[in-house]
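[1] Okay, sequence plus prediction incoming.
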Amino acid sequence: MLHLTIDDFDLRAIAESGQCFRMTEVGSLKPGFPVYKVIAYGSCLLISGDPDGDENSFLVSCSEAQWENIYKTYFDLNSDYGAYRDYADKNDSFLLKCIDYGKGIRILNQEPWEMLISFIISQRKSVPAIRTTVERLCALSGDEKVLDCSEWHAINPEFPESIVYYPFPSVETLAKYSLEDINSTGTGYRTGYIAEAVRRASTGELDLEALGGLSDGELLDELLNIQGVGIKVASCTALFGFHRLSICPEDVWMKRVKEQFYSGEWPESYKPVLGVLQQYMFYYARLEHEKEKIKEIMN
DNA sequence: CTCCAGGTGATGG
DNA sequence: CCATCACATGGA
């Protein structure tokens, strides 16, 4: 277990801002200190706030070397989010409110292949349903790994001693599955889209690694060539899988925000980091909506 | 049981 | 170009 000091970093805001489906709460060290399980790049990390430290103190389950080599980049900790937030216009009270609310958000550096498949699955599904289907797709491989949690269990006996997890399946792994296999995970009408993307990736016709060198526009065009990938899924893959921070995925929520607060057009000055600003807005809009729903139920 | 979910492609004007 | 519509399933 490693102790770290991390500035401008909010686990909940990252986990709940709709960018990843495999970062979930798995218990807590004590009330108010949830532990998050993060599955990425073939391994699994536990991370939580440090009950004995200040708000910038965190505990992680990996070694110093793993933290430096994998997770610092994964959590995008070498970027200055204060500089991104400075793009906000001082008179844009809506964005300032979102930024205040979502301070600590990071745009994770996730794997392109996982993003592509996950966001194909995401269309017309709720986030909990997406998580379920992605987990089932990962478990299909039977490639069961076990994470030792004894140090966490020692702090809180209610925390499990070990956690089983499955890495996200590679192209080669997915290529072994039949349509029925894929469909059994709950992919519904998107099963054919996934199978076709897998087929193209396994023949080399689709080479995601090679797309990293393209411009934003070229990258989107290549992604849009994939069946079942429209502008929304392509944008999410570009932003979350290729870290293209100027690309803004426009779902129903962002369209509403754009109409209501920006008269249908994003300010030109926001465009270089619109993907980042969008993440603050999305997080705010979604959580405010949840609050409204709760109010309705109470009345 | 009903309703809806970080959409997309096909079809028809 | 824009408006509709079907689409499979899980979660609430």
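    Sure thing, it's come through. Numbering: from 1, shown residues only, chains lettered A, B, ... in the order given.
[2] Could you check the helix or strand hosting A:I120 against DNA strand C for contacts?
    Here A:I120 sits within helix A:112-122, counting by DSSP states H and E. No: with Cβ under 7 Å from any atom of the strand as the criterion, DNA strand C is not reached by helix A:112-122; the gap is at least 9.8 Å. Bear in mind the C-beta positions are built from the backbone N, C-alpha and C, glycine included.
[3] How about residues contacting the helix or strand following that helix?
    For helix A:112-122, the following helix or strand on the C-terminal side (DSSP H and E) is helix A:127-139. Contacting residues not belonging to helix A:127-139 are listed as A:18, A:21-22, A:24, A:39, A:117-118, A:121-122, A:125, A:166-169, A:182, A:184-187 [Cβ atoms under 8 Å, 6 or more residues apart in numbering].
[4] If we check DNA strand B, which of these are in contact?
    Applying Cβ under 7 Å from any atom of the strand to the contacts of helix A:127-139, those adjacent to DNA strand B are A:18, A:122, A:125.
[5] Please report the distance of the first one from A:K125.
    Put plainly, it is A:G18. Counting by Cβ to Cβ, to the nearest Å, the gap from A:G18 to A:K125 is 12 Å.
[6] about what we covered before: most neighbours among the ones next to DNA strand B among the contacts of helix A:127-139, which one is it?
    In terms of neighbour count, A:S122 stands highest of these at 22 neighbours, by other Cβ atoms under 10 Å.
[7] From A:S43, how far off is the closest residue to that residue other than its chain neighbours?
    Leaving out its chain neighbours, the residue that sits closest to A:S122 by Cβ to Cβ, 6 or more residues apart in numbering is A:I130, at 4.9 Å. Distance, A:I130 to A:S43, using Cβ to Cβ: 22 Å.
[8] picking that back up, save the ones next to DNA strand B among the contacts of helix A:127-139 as JSON lines, and put in pLDDT too.
    Below are these laid out as JSON lines (pLDDT from 0 to 100):
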{"residue": "A:G18", "pLDDT": "93"}
{"residue": "A:S122", "pLDDT": "98"}
{"residue": "A:K125", "pLDDT": "97"}
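[9] quick one: which of those residues is nearest to DNA strand B?
    A:G18 (2.2 Å; Cβ to the nearest atom of the strand).
[10] which residue ranges form the helices in the stretch 101-250 of chain A?
    For the stretch 101-250 of chain A, the helices defined by DSSP state H, counting those that start in this stretch cover A:112-122, A:127-139, A:150-155, A:171-175, A:179-183, A:191-203, A:208-211, A:216-224, A:231-236.
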